[in-house]
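> coords please:
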Amino acid sequence: MKIVEHSPTRLILRQQQALLAAFFALFALVCLVMLVALFLQGITRLGLMNLFQVIGWLAWLGVAGVLVALGLLAWAGAQRGTRCTFDKQAGTFVLERAGGLRPSIRHGSLYSIAQLDVEHNAEVRQAGLFLRLRSGERLPLLTVPAHDETHLRGLLSTVRTFLWQPG
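The predicted structure follows:
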């Protein structure tokens, strides 16, 4: 996660998963090539196929089409990533995450934030930056491998300073 904007009244954090997005783009491209190849091979042999072969060909075209769509959907989600905006003028925070066909957007008041902290999960060797709201709800902002914890602590310090500094 990196800081996109940092002014006295606004802080924007964004995380994009570029490597994962590239993988899903490659997956969608390979599936698209497979779809085109299946279509072209089937069209040239359409007159030679019986009914069951045509049905099988159409089923494989459907499978390839679904794989292309899933690859593009996953690519869009990885490309969109996570974005968190803290706005002192409006007194709000907005947390946007990729979520299927449309992003998951969570709005809240800056005054509803009770705590901001780094938490560890030793089983999966991950650390996460979490917002804890006064209602008791925990909102994950970012999770990283345990060896990136120093970067996470730097973000924690920046966000805490921004949130609790007068201005």
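
> please enumerate the strands of the chain.
Along the chain, counting by DSSP state E, strands occupy 2-6, 10-15, 82-87, 92-97, 104-109, 113-121, 126-133, 138-145.

> of all these, which one is nearest residue 50?
Nearest to residue 50, of all the strands of the chain, is strand 104-109, at 47.9 Å by CB to CB. (Glycine included, C-beta is placed from N, CA and C.)

> neighbouring strands - and their directions - for that closest one?
strand 92-97 (antiparallel) (DSSP bridges).

> contact partners of the strand it pairs with?
Here strand 92-97 makes contact (CB atoms under 8 Å, 6 or more residues apart in numbering) with 80, 82-87, 103-110, 113, 131, 139, 141.

> 7 Å instead, please
82-86, 103-110, 139 (CB atoms under 7 Å, 6 or more residues apart in numbering).

> coming back round to it: export the strands of the chain to JSON lines and tack on mean neighbour count?
Below are the strands of the chain laid out as JSON lines (neighbours: other CB atoms under 10 Å):
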{"stretch": "strand 2-6", "mean neighbour count": "12"}
{"stretch": "strand 10-15", "mean neighbour count": "18"}
{"stretch": "strand 82-87", "mean neighbour count": "19"}
{"stretch": "strand 92-97", "mean neighbour count": "18"}
{"stretch": "strand 104-109", "mean neighbour count": "13"}
{"stretch": "strand 113-121", "mean neighbour count": "14"}
{"stretch": "strand 126-133", "mean neighbour count": "18"}
{"stretch": "strand 138-145", "mean neighbour count": "16"}
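
> turn those strands into JSON lines, columns for mean pLDDT and distance to residue 33.
Below are those laid out as JSON lines (pLDDT from 0 to 100; distance: least, CB to CB, whole Å):
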{"stretch": "strand 2-6", "mean pLDDT": "83", "distance to residue 33": "34"}
{"stretch": "strand 10-15", "mean pLDDT": "88", "distance to residue 33": "30"}
{"stretch": "strand 82-87", "mean pLDDT": "90", "distance to residue 33": "31"}
{"stretch": "strand 92-97", "mean pLDDT": "90", "distance to residue 33": "31"}
{"stretch": "strand 104-109", "mean pLDDT": "89", "distance to residue 33": "32"}
{"stretch": "strand 113-121", "mean pLDDT": "85", "distance to residue 33": "39"}
{"stretch": "strand 126-133", "mean pLDDT": "86", "distance to residue 33": "35"}
{"stretch": "strand 138-145", "mean pLDDT": "83", "distance to residue 33": "33"}
